[in-house]
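Asks: no sequence for this one, just the structure:
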């Protein structure tokens with residue numbers, strides 16, 4: 001099995017760990033390409049070249065491009081629990097937790113290539129001949145809980161229903177990051193988030 005040329009093979013390293021590291025390296029290389037170019041134009045040969053590996057080595061771990069796309073999307077979702085756990089922290093007020101979560105998610109979309117790639121692949125899911133995790137639903141459930149906690153603490157504007165607010169926030173947030181990606185490769189994401197926070201999020205505060 002070939003290994004990345006940039007990472008010399010260490011004979012003392014267990015074979016299983018070598019394989020794991022190689023697979024992670026391939027996945028990140030694919031994520032970079034999917035985030036940059038989208039699903040349609042990327043080939044396994046492109047991934048092999050980006051990873052500085054042979055095409056056969058990539059095939060050993062991922063039998064086709066669909067399998068790579070699914071793996072990237074799955075890794076995208078696998079990262080959120082730890083990211084969100086850190087974001088929730090120990091804020092005194094529920095609305096502060098909601099704000100901190102959205103700020104942290106914005107930073108992840110700005111900096112994490114796997115998060116970026118997973119989001120783009122979900123948008124392009126019609127092009128991928130494989131079953132991907134259902135998008136957005138988990139976010140609606142999660143934000144509904146946070147907004148309901150803010151309501152119970154008397155911090156939500158009167159008349160606002162938590163689930164409806166969560167649906168609007170999810171639509172606005174993911175639309176925001178997608179537009180930022182298309183128009184500026186997310187260079188203006190922080191600016192767009194500040195607009196969302198001022199206009200929409202603060203509009204929910206009671």
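Replies: That came through fine. This one's a predicted model, so the numbers in the text were calculated from it and none came from an experiment.

Asks: what's the domain layout of the chain?
Replies: 1-63, 74-204 (automatic domain parsing).

Asks: first to last residue in the longest one, what's the distance?
Replies: Distances were taken as C-alpha to C-alpha, to the nearest Å; on that basis the terminal residues of domain 74-204 are 32 Å apart.

Asks: what about that domain, average pLDDT?
Replies: Mean pLDDT, computed over domain 74-204, is 94.

Asks: quick one: the residue nearest to the spatial centre of the chain and residue 108, what's the gap?
Replies: The centroid of the chain falls nearest to residue 115 when counting by C-alpha atoms, centre = their mean (2.5 Å). Separation of residue 115 from residue 108 (C-beta to C-beta, to the nearest Å): 5 Å. Any C-beta I mention is one placed from the backbone N, CA and C, and that applies to glycine too.

Asks: Which residues are in contact with each of the two?
Replies: Common neighbours of residue 115 and residue 108 (criterion: C-beta atoms under 8 Å, 6 or more residues apart in numbering): residue 79.

Asks: Can you name the next helix or strand after the helix or strand containing the residue nearest to the centre of the chain?
Replies: Taking DSSP states H and E as the criterion, residue 115 maps to helix 113-123. Remark: after helix 113-123, the chain's next helix or strand is helix 137-152, criterion DSSP H and E.

Asks: helices or strands up against that following helix?
Replies: Here helix 137-152 is seen to pack against helix 94-111, helix 162-184 when contacts are counted using 3 or more C-beta pairs under 8 Å, 6 or more residues apart in numbering; DSSP states H and E.

Asks: Which one, of the ones you listed, ends up nearest to residue 190?
Replies: Residue 190 lies closest to helix 94-111 among these, at 6.9 Å (C-beta to C-beta).

Asks: what's in contact with the closest one?
Replies: Taking C-beta under 8 Å, 6+ apart as the rule, helix 94-111 contacts 79, 83-84, 86-89, 91, 115-116, 119, 143, 146-147, 149-150, 152-153, 155-156, 169, 173, 177, 186, 189-190, 193, 196-197, 201, 205.

Asks: Buried members of the residues you listed into PyMOL, please.
Replies: In PyMOL, this line selects whichever of the contacts of helix 94-111 come out buried by 16 or more other C-beta atoms under 10 Å:
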select buried, resi 84+87+115+116+119+143+146+147+149+150+155+156+169+173+177+186+189+193+196+201
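
Asks: ok, and what's touching stretch 119-130?
Replies: Applying C-beta under 8 Å, 6+ apart, the set of residues contacting stretch 119-130 is 34-35, 38-40, 66-67, 69-70, 72-73, 76, 109, 132, 135, 174, 177-178, 181.

Asks: same check, this time on stretch 181-196
Replies: The contact list for stretch 181-196, computed with C-beta under 8 Å, 6+ apart, reads 102-103, 106, 109-110, 116, 119-120, 172-173, 176-177, 179-180.
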